[in-house]
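Q: After the sequence you'll find the predicted model.
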Amino acid sequence: MENIQYNRIVTKITYGATGVIVNCADGGVLFGDKVLVTVPLPILKENIISFEPSLPAEKIYAIETIGMGAGIKLILKFSQTFWTDEIQDMTIDGFSTFIWSPGLGKTDATNNILICFIMGENAEYMSSIDAGAVDVALAELDLLFGGAASLYYLESSIQDWSLEPFIKGAYSFPSPGTYISETQSSRLDLASPVDCVLFLRERQPIILIRPLFMEHWKVVRGLQRRYWNALF
């Protein structure tokens, strides 16, 4: 496990017949015979990691054209519940979008929490008003529950994936022209390997390198099995 390195920001991947060279922001250089790239799509869109030689045209097209939406998880804590046990989740016509109670059915849950799962244009708006998103969510809940949300509100937490520097979004989506069939799409082009550079699909923001020589090869083999189906 000592061979696993954390907090290394990758800036460049050079690949060829003899293997890969990975350059890091701290000046470090890593060598391997293959590299598995699993960063979220926006990292590739913004060229935060450069590739030498350049990636094939179909992969660049996929990176540039597949959409990536904004996403927020807004967590609200209350002094007591004001929703009934029959309500596990609800979809509303408002910015809060989809709301659920994670403690429903859990006998030891005492935090009285509701979570708003907000995507797309609604997430973009809520992100733009920062902490004001809590006021919007409480106002929408007040309309449903007769002002109980504001009355029992204690605190909140906002997870805005669009603002995370190594994520910059939530879920990708097929933009017009990127999907023809299950066997012909830009998403498949994005996931296809380029020589010794392997690409995994979104929402797993790590980069794994298989070194030329490694004492604890079983660790990497276990990780390879985990991602094998997604890659091939």
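A: In hand now; what should we look at?

Q: Residue 139 belongs to a helix?
A: Yes: checked against DSSP: H, G, I helix; E, B strand; the rest coil, residue 139 lies within a helix.

Q: Tell me the spacing between it and residue 160.
A: 19 Å (Cβ to Cβ, to the nearest Å). From N, CA and C alone the C-beta is placed, and that goes for glycine too.

Q: export stretch 20-39 as CSV, just CAs?
A: Taking Å, rounded to 0.1, in the frame of the first residue of the first chain, the C-alpha atoms of stretch 20-39 are listed here in CSV:
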residue,chain,number,x,y,z
VAL,A,20,3.8,6.3,-20.2
ILE,A,21,5.3,9.3,-18.4
VAL,A,22,3.1,11.2,-16.0
ASN,A,23,4.1,14.7,-14.9
CYS,A,24,2.7,16.2,-11.7
ALA,A,25,2.2,19.8,-10.6
ASP,A,26,4.7,19.4,-7.8
GLY,A,27,7.5,18.6,-10.4
GLY,A,28,7.3,14.9,-9.8
VAL,A,29,7.5,12.4,-12.6
LEU,A,30,6.0,8.9,-12.6
PHE,A,31,6.8,6.1,-15.1
GLY,A,32,4.7,3.1,-16.0
ASP,A,33,3.8,0.8,-18.9
LYS,A,34,0.1,1.8,-18.7
VAL,A,35,-2.0,4.6,-17.2
LEU,A,36,-5.7,4.4,-16.2
VAL,A,37,-7.3,7.9,-16.5
THR,A,38,-10.6,8.2,-14.5
VAL,A,39,-10.8,12.0,-14.0
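
Q: what comes up buried for that stretch?
A: Judged by neighbour count using 16 or more other Cβ atoms under 10 Å, the buried positions of stretch 20-39 are 20-24, 30, 32, 34-39.

Q: Could you do stretch 179-186 as well?
A: So for stretch 179-186, counting by 16+ other Cβ under 10 Å, buried means 185, 186.

Q: Only alpha carbons, please: show it as PDB.
A: Coordinates of each C-alpha in stretch 179-186 appear next as PDB, following Å, rounded to 0.1, in the frame of the first residue of the first chain:
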ATOM      1  CA  TYR A 179     -25.400   9.200 -29.700                       C
ATOM      2  CA  ILE A 180     -26.300   7.100 -32.800                       C
ATOM      3  CA  SER A 181     -26.800   3.700 -31.300                       C
ATOM      4  CA  GLU A 182     -25.700   1.500 -28.400                       C
ATOM      5  CA  THR A 183     -22.600   0.500 -30.400                       C
ATOM      6  CA  GLN A 184     -21.900   3.900 -32.000                       C
ATOM      7  CA  SER A 185     -21.700   6.900 -29.700                       C
ATOM      8  CA  SER A 186     -19.200   9.500 -28.500                       C
END
